[in-house]
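# structure of the sequence below:
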Amino acid sequence: MIYLALGSNLGDREWNLEQALALLAEALKVDMLCSRVLETEAVGFEGPAFLNQAVCFESDIAPEALLDLCQDIEVRLGRPRHTAQYDAEGKRIFSNRTMDIDILRYNDQEIHTDRLTIPHPQLWERPYVKELLNDITI
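Below is the predicted model of the structure:
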């Protein structure tokens with residue numbers, strides 16, 4: 001089972017989540033189980049509140065291909081193409097975004113490459129993620 005987290009804190013946040021789900025379903029041709037939508041404060045930076053949602057599905061898409069798809073959808077929904085940025089102490093710098101799609105888990109695999117870390121490194125640092133995953137854990 002593959003688990004993703006979606007979040008949006010810019011623009012029409014509900015529409016952004018709906019469009020991301022539609023684009024994922026269309027590209028992957030899968031049925032997805034979706035959590036409720038939860039509003040949370042920005043974590044790690046000052047910004048508007050996020051709407052967050054978790055989804056799970058089964059697919060044979062390769063992890064790197066899924067990352068490419070998620071990043072493509074983020075860009076299609078108005079997020080500038082980006083690479084992770086870090087401060088002088090090595091701490092990740094976060095910012096506002098129309099869409100953020102994180103791969104939380106991928107079939108119990110552990111993946112550590114330059115582009116992708118699974119399980120997601122901040123998976124348990126965000127209390128709302130556990131709450132959303134409880135909605136859809138199979």
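# parallel or antiparallel, list what pairs with the helix or strand hosting residue 56.
Here residue 56, judged by DSSP states H and E, is contained in strand 50-57. Here strand 50-57 is paired, per DSSP bridges, with strand 2-8 (antiparallel), strand 33-34 (antiparallel), strand 38-40 (antiparallel).
# what about the closest residue to residue 123 other than its chain neighbours, helix or strand, and which?
Leaving aside its chain neighbours, residue 123 sits nearest to residue 104 (5.6 Å; criterion: C-beta to C-beta, 6 or more residues apart in numbering). Every C-beta, even on glycine, is put in place using the N, C-alpha and C of the backbone. Using DSSP H and E, the element containing residue 104 is strand 100-106.
# the nearest residue in space to residue 9 that is not next to it in sequence: how many residues sit nearby?
Excluding its sequence neighbours, the residue lying closest to residue 9 (C-beta to C-beta, 6+ apart) is residue 50, at 4.3 Å. Residue 50: 22 surrounding residues under other C-beta atoms under 10 Å.
# for residue 19, find the nearest of the strands paired with strand 50-57.
strand 2-8 (9.6 Å; C-beta to C-beta).
# how near is the residue nearest to residue 123 to residue 125?
12 Å (C-beta to C-beta, to the nearest Å).
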